[in-house]
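1. Turn this into a structure:
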Amino acid sequence: MAKYFECKIRYEKQITDPNDKDCGKLKKVNESYLVDALSYTEAEARIVKEVAQYIKGEYSITNIKQAKIAELIFKEEDLCEDWFTVKIKITVVDEERGIERLVPQTLLVRAESVEDALKRFKDAFKDTISDYVITSVSASPILEYFKYETKAVAEN
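-> Below is the predicted model:
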């Protein structure tokens, strides 16, 4: 089972929106990224390696925390850039006590809108045998997910 870490980066970004009155100026921004790693140390090393390709100048890692995400739903070839948080309560049977209980889970879905995220979630869970209730679907602050790749895959 993968461990996901949410990494927050703070840096100065040049505003490129021509409709913004501050276009061309530098603005301090905080951005969240997701990496899968085995430890905080590995998560920090991976996020430094990944953001160094995109961020010019100084930046700081302001926070790294283990994200409580049960599953990611996305396709590699997708052009969608936004991530959405889908919170569910899934029915689990406690065989020792012989009772059913609802266990909360959080999933991240890459989609174009809340409606699209809901559709993609339902497509991914259409064959599940457990009952579940969707409690919320909302936009996520995650900008990008950096998937772990083994060296053999990375070299090809």
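
2. per-domain residue ranges of the protein.
-> Per the record, the chain has its domains at 1-67, 69-141, by automatic domain parsing.

3. Ends of the longest one, what's the gap?
-> Between the opening and closing residues of domain 69-141 there is a gap of 14 Å (CA to CA, to the nearest Å).

4. next one: it to chain centre, how far?
-> 13 Å (CA atoms, centre = their mean, to the nearest Å).

5. cool, the first one as well?
-> Centre-to-centre, domain 1-67 and its host chain are 13 Å apart (CA atoms, centre = their mean).

6. re earlier: TSV for the domains of the chain, including mean pLDDT and mean neighbour count?
-> C-beta: built from backbone N, CA, C; applies to glycine. Listed next are the domains of the chain as TSV, based on pLDDT from 0 to 100; neighbours: other CB atoms under 10 Å:
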stretch	mean pLDDT	mean neighbour count
domain 1-67	89	14
domain 69-141	92	14
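
7. Any chance of those domains in a markdown table with distance to Glu149 as columns?
-> Converted to a markdown table, the domains of the chain look like this (distance: least, CB to CB, whole Å):
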| stretch | distance to Glu149 |
| --- | --- |
| domain 1-67 | 10 |
| domain 69-141 | 12 |
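
8. And these: which comes nearest Tyr148?
-> domain 1-67 (4.7 Å; CB to CB).

9. Test of understanding: give the bridge partners of the nearest residue to Glu58 once chain neighbours are set aside.
-> Spatial nearest neighbour of Glu58, excluding adjacent residues (CB to CB, 6 or more residues apart in numbering): Tyr11 at 6.8 Å. Note on Tyr11: beta-bridge partners by DSSP bridges are Val29, Tyr59.

10. In contact with Tyr11: list those residues for me.
-> 28-29, 31, 55, 57-60 (CB atoms under 8 Å, 6 or more residues apart in numbering).

11. Just the closest of the residues you listed to Asp127, please.
-> Distance to Asp127, by CB to CB, is smallest for Glu31 among those, at 35.1 Å.

12. who wins for proximity to Lys147 among the domains of the chain?
-> From the domains of the chain, taking CB to CB, the stretch that ends up closest is domain 1-67, at 6.4 Å.

13. Could you point out which of the contacts of Tyr11 is nearest to Cys7?
-> Using CB to CB, Glu31 is the member of those that lies nearest Cys7, at 9.1 Å.

14. so what's that closest one up against?
-> 8-11, 143.

15. give me that answer again for 7 Å
-> Taking CB atoms under 7 Å, 6 or more residues apart in numbering, we find Glu31 in contact with 9, 143.

16. Nothing else from me, thank you.
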